[in-house]
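Student: sharing a sequence plus its predicted fold:
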Amino acid sequence: MINISIVGSTGSIGTQALDVIRCFPDKFSVVALSANSNWELLLKQIIEFKPLKAVLIDNIAFSKLKENAPNDLNTELICGESGIKEISSMDETELVLISTVGMSGLKPVLSALNAGKQLALATKEALVSGGDLVIPLAKSKNITIRPVDSEHSAIFQCIGDNREFLKKVILTCSGGALRNFTVEQLKYATVDDVLAHPNWSMGKKITVDCATLMNKGFEMMEACHLFNLLPNQVEIVIHPQSIIHSAVEFFDGSIIAQMSKPDMKLAIQYAFSYPERFEKNWTNTDFFSLPALTFEKPDFDKFPCLKIAFDSFAKGGTMPASLNAVNEEAVFAFLKKEIKFNDIFKIIEMTLSKVECLPSSIENIFYADSEARRISGVFIERMKNNNVN
Ligand code: MN3
């Protein structure tokens, strides 16, 4: 039996992780849950899974949770961010799933690793911003990070015990909802256009990142950190059907790919069961009913965020942390319909030209994060007003 804490249990990955856990009551048990503000769903999860502790970050939502919780609840309810640290490092926890949105994933990753917990990582932003800290810490604790991102799970599965023979990875990309938009159409792309992702059902932030291809830029960084690769060892291939979840090429030219119909639960389950595999076929991939598989080169001109990501990673230090921060702010402004789709990359470019690049340390990363958010706020405000006038 593996005791699991889930940081971010009400989001897309968190709820699918609970679907996996529900199927294996004799293998997995939930010892702690946390959410940002969705107290209603958290309460349902608490009643069903009976964790020892449950955390809600938001104050107001927490009071609603307390009011509505049944009297015979045996779960300790904790309010605020300190609770996240507590559930990522508590004695009863063996494995922590980090599935929050964005930069909020970094601190829990560090506390879980510091406490020597196994780590299933869905929040790629923790590696984008803090990979220089996370990877050495995991190494020093002898912990293998289990990727929950579908591409990285694929690469992880394909490499197996052959890391020393790895030449490069082939990182596949659906192309996002706007793959076939022209440059002219991209100018007028709406939130609804962007959220209509063809293959994967995901949270809103990552769906926008898929449409700008920033997600793939972040995944390049994630792959470099997780598998100790250089950016030129990560080849991005647009594969609109999302059947090949990524592939690896070895020195002898042999390529191994991991395939299935898209379903995040496969990657989540493998992160939980690693190095074993449990019997449960989430996808029923039938070769005879698959569409034709096609491959294209990514268009760096049409999707400038991809190039910005490579440039930021090449600069290193706190640059990726700044990029991640301004990207989060710009994406949320787009989702609130304050800025246009193309304003996202413009705000990112303008902000990054103003930030300083510092060596990676926990203080510098959080400083770079807040500076990039502050500076981007000025540009977002300006764009907002332009768009109104
Ligand atoms: Mn992915």
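Tutor: Everything's here; your move. Numbering: from 1, shown residues only.

Student: which residues touch the nearest residue to Asn68 once chain neighbours are set aside?
Tutor: In this structure, Asn68 finds its nearest non-sequential neighbour in Leu43, 6.1 Å apart by Cβ to Cβ, 6 or more residues apart in numbering. Heads up, the C-betas are built off the backbone N, CA and C, glycines and all. With contacts defined as Cβ atoms under 8 Å, 6 or more residues apart in numbering, Leu43 is in contact with Leu65, Asn68, Ala69.

Student: among the residues you listed, which one has the most neighbours?
Tutor: When neighbours are taken as other Cβ atoms under 10 Å, the top entry among those is Leu65 (22 neighbours).

Student: so that one belongs to a strand, correct?
Tutor: No. Leu65 is assigned helix when assessed by DSSP: H, G, I helix; E, B strand; the rest coil, not a strand.

Student: ok, the closest residue to it other than its chain neighbours - how many residues close by?
Tutor: Spatially, and ignoring its direct neighbours in sequence, Leu65 is nearest to Trp39 (4.0 Å; Cβ to Cβ, 6+ apart). For Trp39, the count of nearby residues is 25 (other Cβ under 10 Å).

Student: my guess is Trp39 contacts Glu67. True?
Tutor: No. Contact criterion Cβ atoms under 8 Å: Trp39 and Glu67 do not qualify, at 9.3 Å.

Student: pLDDT on the helix or strand harbouring Leu226, on average?
Tutor: Per DSSP states H and E: Leu226 is located in helix 214-227. The average of the pLDDT scores along helix 214-227 is 98.

Student: quick one on the thing from earlier: got the contact list for the residue nearest to Leu65?
Tutor: The neighbours of Trp39, taking Cβ under 8 Å, 6+ apart as the test, are Leu56, Asp58, Ala61, Phe62, Lys64, Leu65, Asn68.

Student: which of those fall in strands?
Tutor: Leu56 (DSSP state E).

Student: what subset of the contacts of Trp39 is buried?
Tutor: When these are checked for burial by 16 or more other Cβ atoms under 10 Å, the buried set is Leu56, Asp58, Ala61, Phe62, Leu65.

Student: ok and the residue in this structure nearest the ion?
Tutor: Proximity of the chain to the ion (Cβ to the ion) peaks at Asp149, 4.3 Å away.

Student: other SSEs contacting the helix holding Leu226?
Tutor: Judged by 3 or more Cβ pairs under 8 Å, 6 or more residues apart in numbering; DSSP states H and E, helix 214-227 is in contact with helix 125-140, helix 150-159, strand 166-173, helix 204-212, strand 234-238, helix 304-315, helix 319-335.
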